[in-house]
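In: whatever this is, show me its structure:
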Amino acid sequence: MSVPTPHNAARMGDIAPVVLMPGDPLRAKMIAETYLENPVCYNETRGMLGYTGRYRGVPVSVQGSGMGCPSMGIYSYELFAFYGVETILRIGSAGALADGLDIGDLVIAQGACTDSAYLNQYGLPGAFAPIGDFSLAVRAAEIAGQKGLRWKAGNVLSSDCFYTDGTGGLAKWREMGVLAVEMECAALYANAARLGKRALGLLTVSDCPFKGTASSAEYRQNGLTAMIEVALEAAVCR
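Out: Next comes the predicted model:
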């Protein structure tokens, strides 16, 4: 496919080799305007805002992915396959499943279980285990530790469902040691594996389903600064 694509107005060279991908395009706008030097908007198609600027002198892009594996699948595939992107760091919110996690804690998504049918397209003779890039995960853990943040690394669940019929299904994943539930990492990791790229999910706990606590929509859009700063440092660290 040539660029621009049906979903992205960028042309070759507009997007940096490293991209931060929040689900919310308004969070992408906030990150670009707050953290990047001289950000330039390269995409407004379908409202999925994308920007390129510099962080500590290194070119970095930030673009929304939308919600769920299908939307992440489209945008991350196009970035990897058509725009020469080498690394994508998903930065998003997640619901805590593990008892030791609370609102504001950081989760490094070492692996991504899923109930999505996204992986069926590969026709594999078994179950594929989507995992994040190890070197990025180690780097993120080191940076989080240096910043004195509360964090855990491990499995997350990339679910197709935001609203579920009770927490019975989530309890089963919790019993298997899954740390948190989100909606995009599995598709991102599968695309990275298939195309020989690097990816990692960094998640901030925004709600705790088993404790009945949750943060506001405004916090999800603007209050995830610790995670964003870890991702930016990991993106430019050599």
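In: touching, residue 87 and residue 18? I think so.
Out: Yes. Under the criterion of C-beta atoms under 8 Å, residue 87 makes contact with residue 18 at 4.6 Å. (C-beta placed from N, C-alpha, C; glycine too.)
In: overlap in contacts of these two?
Out: residue 235 (C-beta atoms under 8 Å, 6 or more residues apart in numbering).
In: need the contact partners of stretch 54-62.
Out: For stretch 54-62, contacts defined as C-beta under 8 Å, 6+ apart pick out 15-22, 28, 31-32, 35-38, 42, 50-53, 85, 232, 235-236.
In: and for stretch 123-130?
Out: Contacting residues not belonging to stretch 123-130 are listed as 111-112, 114, 119, 122, 158, 185-186, 189-190, 193 [C-beta under 8 Å, 6+ apart].
In: residue ranges for the helices of the protein, please.
Out: Secondary structure of the chain by DSSP state H: the helices cover 25-35, 68-82, 134-146, 168-175, 185-195, 217-222, 225-236.
In: report the buried residues of the first one.
Out: Judged by neighbour count (16 or more other C-beta atoms under 10 Å), helix 25-35 contains these buried residues: 25, 27-32, 35.
In: for it, give the mean pLDDT please.
Out: Mean per-residue pLDDT for helix 25-35: 96.
In: again with the third one
Out: This predicted structure assigns helix 134-146 an average pLDDT of 98.
In: give me the number of residues near residue 163?
Out: Residue 163 is flanked by 4 other residues according to other C-beta atoms under 10 Å.
In: distance of it from residue 170?
Out: 12 Å (C-beta to C-beta, to the nearest Å).
In: could you list the low-pLDDT ranges of the chain?
Out: Within the chain, the stretches with pLDDT under 70 are 166-167, 220-223, 238.
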